[in-house]
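[1] prediction below, plus the sequence it came from.
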Amino acid sequence: MVENAKATYLELASQRLSFLTRARDCAELTIPTLVPPEGHSYATKYYTPFQGVGARGVNNLASKLLMALLPPNQPFFRMAVDTYMLKKQGGDDSLKTELEKALGEVERSVMTEVETSAVRVGAFEALKQLIVSGNALIYVPDSGGMRVFRMDSYVVKRDPSGNLLYLITKESISPNALPMEIRQLIQKSDSNTKEKTLELYTAICREPDHWFIYQEINGVKIPGTIGKYALDKNPYIPLRYNRIDGEDYGRGFVEEYFGDLRSLEALTKAIVEGSAAASKVVFLVNPNGSTRAKVLAETTNGGFAAGNAADVTTLQVQKFNDFRVAQDSANAITQRLSFAFLLNSSVQRDAERVTAEEVRFMAQELEAALGGAYSVMSQEFQLPLVNRLMDRMAKRGRLPKLPKDIVSPMIVTGVEALGRGNDLNKLDLFVGGVGQILGPDILSQFVNIGDYLKRRATAIGINTDGLIKSEEEIAQSAQQDQMMGMMQQLGPQGIKAISDNLVASQKTGALQQAMQQAQAPAQK
C-alpha cells in the first residue's frame, strides 16, 4: 500500500532518471517531441536533427507494429474454449459448437468497441513511445478513448520477475477544473496555497486479490476516487518494448541502434555544413593584372569587358575526396538503419533485376525479426487490453458474463501470425513439391483440396465464410455441369424429346393422383 503518493513518486523518480535521460537522447535523434527535455513548455525550441532516417524509421516501424497487433477488419484475438473444463462440467461437443458460435458474436462486439472508441489512435502514439523510450502507460477509462502517458509522467515498481507492484502517475491540473467541495477540502489542508496549477497523483497498488486505486492532491486523498479492480481488469496498463528482469523499466528499440544514429547525425551535419561552405562562389582577381574586379562586377551577363582570363580564378575547397568518404560512410549507416527499421528501401537490393519472390522473402525475414517484440506486446498490451475492454463493456450491459474457467481470450496476431506464416510456407512447399514430383493427378488423388484451401486461408487470416464452397455446393455444381454437358450432346431435338417425356409423366402422375383421391371416399 502506498500511503503518500507524492513522496513515493519523488523517491521512484530518482530511480527512473537514468532511463529517462537515455530516452531523451534517443528522442533527440529521431522525434524530439516524443520525450521532451526537462522543464519543457509550449515555448520550448526543440533540437532539429540533420538526418530524417530516425524519424522515418520510428513512424514506419510503429505503423507496421500497429497493423500487426491491431489489424483492421480482423479480430486480433479469439475466445478459446477449454475442452477439458467443459467436459468436466458435463458439456459435450454440441455444446462446444454452440458456445464457439456465441463467442464469435462476443469477438465482433469487442472489435466494434475498438473501432468506435478510437483505440488505434492511442495505440499508435504508445507504440512510438515504446520504440523511442521503451516505456509507455496507457489508460483505458470506463468510457471514452485511450489515454497515453509519457515516461516522464509516471513511475512504476516491479518485482524481480517483472510483475507490476504499483505505479503512480503525475498530472498538472487547474484548480478551477476541480469540483467546489474538493477545492474547499484542499484549502482546509493548506490555506496558503495560491497555485495556478495543482499536482494530481494517481496511485495504483497491487493487493493479494485486487488492485487498489486512489488519487491525491497536496497529500489529501480525494473522495470518490478510491476504488478496486480485479487483477486482470486494471485500467492502467504499463508497457515495455524490451523486458529485462530485475529492472522496473524497459529499453527502447532506438537505444539498440543509438550508435548508428549518432554517427549518421555527425556525418550528415559535417556533409551539410561542408557542402554549404563549398557551394559559396568567390572569384579572385590578380591585383597586379590588367583585369579590374569592378569592371567584371558591373558587366552584364553575356557582355564584354577588357581583361585577361589568367587574372581571374575561382576559389575552391578541394575537399571532394574527403566528402566522398563521409558520404559513403553515411550511406552504409543509412542502409543498416533501413534494415533495422524495416524501411521499404532496405528490402530491394541494388541490382538491375530483382524478382518479386526475392522482395517478398526479404520482407518476411525482416518481419520475423520482430518476434521478440510481438511476444512482449501480446502479454503486456494485447491481452490486458482485451480483458479491460470486455470488463467495461460488461459493466454497461453490452457483453454477457463469461465463465473464466472455461472461456478465455487468446491472441491470434503478432508472434502467432508469424507462426501461421511459417505454417503457410511449409504447407505451400509440401503441396508444390508433391505436385512437381508426382504430378497433378497424384496430388488430386491423395490431397484434400478443400482442407488445403481452409488451412491456407487460416494461415493468411482470411474469413472463409461464403468464400469456399461446401461439399453439397460442389456436388450440386457438378450435377449442373453434367446436365449441361448432356444437353449439349443431345442437341435441340433430344432436349425437346426429354421435355415432352417429363411433361407426359407429370400429367400421368397427376391423373393417377386424382383417380386415387376420387376412389378414396367410395371405399369408405
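    Here it is on my side, so go on.

[2] name the SS class of Y201, please.
    Using DSSP: H, G, I helix; E, B strand; the rest coil, the structure places Y201 in strand.

[3] neighbours of the closest residue to it other than its chain neighbours, just the number please.
    Using C-beta to C-beta, 6 or more residues apart in numbering and skipping the chain neighbours, the partner closest in space to Y201 is A5 (3.8 Å). Using the backbone N, CA and C atoms, a C-beta is placed for each residue, glycine as well. Burial measure for A5: 25 neighbouring residues, criterion other C-beta atoms under 10 Å.

[4] quickly find the element holding C26.
    helix 5-28 (DSSP states H and E).

[5] list the contacts of that helix.
    By C-beta atoms under 8 Å, 6 or more residues apart in numbering, the surrounding residues in contact with helix 5-28 are 2, 33-37, 47, 49, 132-135, 151-152, 155-157, 168, 170, 199, 201-203, 214-216, 219, 248-249, 252, 254-255, 258, 261.

[6] any idea which helix or strand comes after that helix?
    Next along the chain after helix 5-28, taking DSSP H and E as the criterion, comes helix 53-69.

[7] give the buried residues for that following helix.
    In terms of neighbour count (16 or more other C-beta atoms under 10 Å), helix 53-69 has its buried residues at 53-54, 56-59, 61-62, 64-66, 68-69.

[8] and which of those residues is nearest to V121?
    Distance to V121, by C-beta to C-beta, is smallest for L66 among the buried residues of helix 53-69, at 10.0 Å.

[9] tell me the SS of the closest residue to that closest one other than its chain neighbours?
    Computed as C-beta to C-beta, 6+ apart, the closest residue to L66 that is not its neighbour in sequence is F124, at 5.2 Å. Three-state call for F124 (three-state DSSP): helix.

[10] my guess is F124 contacts A62. True?
    Yes - under the criterion of C-beta atoms under 8 Å, F124 makes contact with A62 at 6.0 Å.

[11] the residue nearest to L66: what's it in contact with?
    Taking C-beta under 8 Å, 6+ apart, we find F124 in contact with A62, S63, L66.

[12] skipping its backbone neighbours, what lies nearest the first one in space?
    Closest residue in space to A62, ignoring its immediate chain neighbours: L127 at 4.2 Å, by C-beta to C-beta, 6+ apart.

[13] can you give me the helices in the stretch 101-250 of the chain?
    Here the stretch 101-250 of the chain has its helices, by DSSP state H, counting those that start in this stretch, at 119-133, 180-189.

[14] on that earlier part again, any idea how far the residue nearest to L66 lies from A136?
    When C-beta to C-beta, to the nearest Å is applied, the distance between F124 and A136 equals 11 Å.

[15] what does the pLDDT read for G250?
    On the pLDDT scale, G250 is placed at 91.

[16] I'd assumed N242 was in contact with it.
    Yes - judged on C-beta under 8 Å, G250 makes contact with N242 at a distance of 5.0 Å.

[17] quickly list what's touching both of the two.
    Shared contacts of G250 and N242, counting by C-beta under 8 Å, 6+ apart, come down to G134.

[18] tell me which of those two has more neighbours.
    G250 (23 against 18).

[19] now pLDDT and distance to L453 too, for the contacts of F124, in TSV please.
    Shown next, in TSV, are the contacts of F124 (pLDDT from 0 to 100; distance: C-beta to C-beta, whole Å):
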residue	pLDDT	distance to L453
A62	91	34
S63	88	31
L66	86	30
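
[20] between those residues, which sits nearest I186?
    For those, the nearest to I186 is A62 (39.5 Å; C-beta to C-beta).

[21] tell me the mean pLDDT for the strand or helix carrying K426?
    Using DSSP H and E, K426 falls within helix 415-438. Mean pLDDT, helix 415-438: 67.

[22] stretch 328-343 too?
    89.

[23] what bridges to G227?
    I213 (DSSP bridges).

[24] report pLDDT for it.
    The model's pLDDT for G227 equals 90.

[25] point out where the chain drops to low pLDDT.
    1, 89-98, 100, 189-195, 344-369, 371, 413-425, 455, 457-467, 486-524 (pLDDT under 70).

[26] before we move on, the earlier item: give me the buried positions along the helix holding C26.
    Here helix 5-28 shows 5-6, 8-9, 12, 16, 19-20, 22-24, 26-28 as buried, counting by 16+ other C-beta under 10 Å.

[27] please apply the same query to stretch 132-143.
    Residues V132, S133, G134, N135, A136, L137, I138, Y139, V140 are the ones in stretch 132-143 that count as buried (16+ other C-beta under 10 Å).

[28] distance of V376 relative to P238?
    V376 sits 12 Å away from P238, going by C-beta to C-beta.

[29] Y47 and T33 touch, don't they?
    No - using C-beta under 8 Å as the test, Y47 is too far from T33 to be in contact (10.2 Å).

[30] ok, N286 - how many residues close by?
    By other C-beta under 10 Å, the residues close to N286 number 14.

[31] how about it, nearest residue that isn't a chain neighbour?
    D311 is the one closest to N286 (C-beta to C-beta, 6+ apart), at 4.1 Å.

[32] got the contact list for the one you found?
    Contacts of D311 (C-beta under 8 Å, 6+ apart): V285, N286, G289, S290, T291.

[33] in strands, which of the residues you listed appear?
    V285 (DSSP state E).

[34] now the contacts of D311 in CSV, with distance to H210?
    What follows is these, written out as CSV (distance: C-beta to C-beta, whole Å):
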residue, distance to H210
V285, 86
N286, 90
G289, 93
S290, 96
T291, 91
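
[35] what's the most distant pair in the contacts of D311?
    Longest distance between any two of these is 10.3 Å, between V285 and S290; criterion C-beta to C-beta.

[36] looking at those two, which is more packed in?
    Just comparing V285 and S290: by other C-beta under 10 Å the higher neighbour count belongs to V285, 16 against 10.

[37] and the more buried one, bridged to which residues?
    V312.

[38] returning to that earlier point: with respect to E107, which of the contacts of F124 is nearest?
    Using C-beta to C-beta, L66 comes nearest to E107 of the contacts of F124, at 19.5 Å.

[39] correct me if wrong: the closest one contacts L127.
    Yes - in this structure, L66 is within contact of L127 by C-beta under 8 Å, at 5.9 Å.

[40] for the helix or strand following the helix holding K426, list every residue counted as buried.
    Sequence order places helix 440-446 as the next helix or strand after helix 415-438, per DSSP H and E. Neighbour counts over helix 440-446 (16+ other C-beta under 10 Å) mark L443 as buried.

[41] what's helix 440-446 packed up against?
    In this structure, helix 440-446 packs against helix 415-438, with contacts taken as 3 or more C-beta pairs under 8 Å, 6 or more residues apart in numbering; DSSP states H and E.
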